[in-house]
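Participant: Here's a sequence, model it:
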Amino acid sequence: FFDRCRSERGKIAWYCGTKEDVNKKGPAVVGLSGDVSQMDVGLSAEDRKVLLAKVSIVFHVAATVRFNEHLRLSTLLNTRGTREMLTLARNMSHLEAFVHVSTAYAHVCSHSKLMEERFYPVPIEPEDLIKAAEGMDEEKFQEIVDE
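Facilitator: Purely as a prediction, here's the structure:
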């Protein structure tokens, strides 16, 4: 990542700092092991502690992009996982930015060909959807959603 960042400086709108910066402050970008399908995104206590104390920018790009994925699993990964990341980010001492990269087909309006940059009404509140996904098996969850 560092080499790519160095080679693309000036071509894209990001900056990773110099090697001297990294040597003084530690790595600018660090990947951690976690699981967004789990509560608290499956982070170890030590990784969570480091994130809360040191991270200033979060890139949340974890999601399932299988458009034939079971809806219950998609809800747990994409909706609850994002909620859990936001909860974690709210507690970060030095947070400056939270960047969320969503799946390609997040919302399709059949009544209009034009997609405006605004919030659209949803048939179910995200928290209600998450609670349903947590409390039902896949078959029952799909039956409820199909209604």
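Participant: When you work out contacts or count neighbours from here on, use the C-alpha atoms and nothing else.
Facilitator: OK.
Participant: if you go through the chain in chain order, where are the strands?
Facilitator: 57-60, 97-100 (DSSP state E).
Participant: Now the first one: buried residues?
Facilitator: Along strand 57-60, the positions that meet the burial threshold by neighbour count (16 or more other Cα atoms under 10 Å) are 57, 58, 60.
Participant: Stretch 121-132 now?
Facilitator: 129, 130, 132.
Participant: So which of those are in helices?
Facilitator: 129, 130, 132 (DSSP state H).
Participant: Quick check: chain neighbours aside, which residue is closest to the last one?
Facilitator: So that's residue 132. residue 141 (6.9 Å; Cα to Cα, 6 or more residues apart in numbering).
Participant: Quick check: the gap between the closest residue to residue 85 other than its chain neighbours and residue 117.
Facilitator: Once flanking residues are discounted, residue 85 sits nearest to residue 41: 6.9 Å by Cα to Cα, 6+ apart. Taking Cα to Cα, to the nearest Å as the measure, residue 41 falls 29 Å from residue 117.
Participant: neighbour-wise, which of those two wins?
Facilitator: residue 41 (20 against 6; other Cα atoms under 10 Å).
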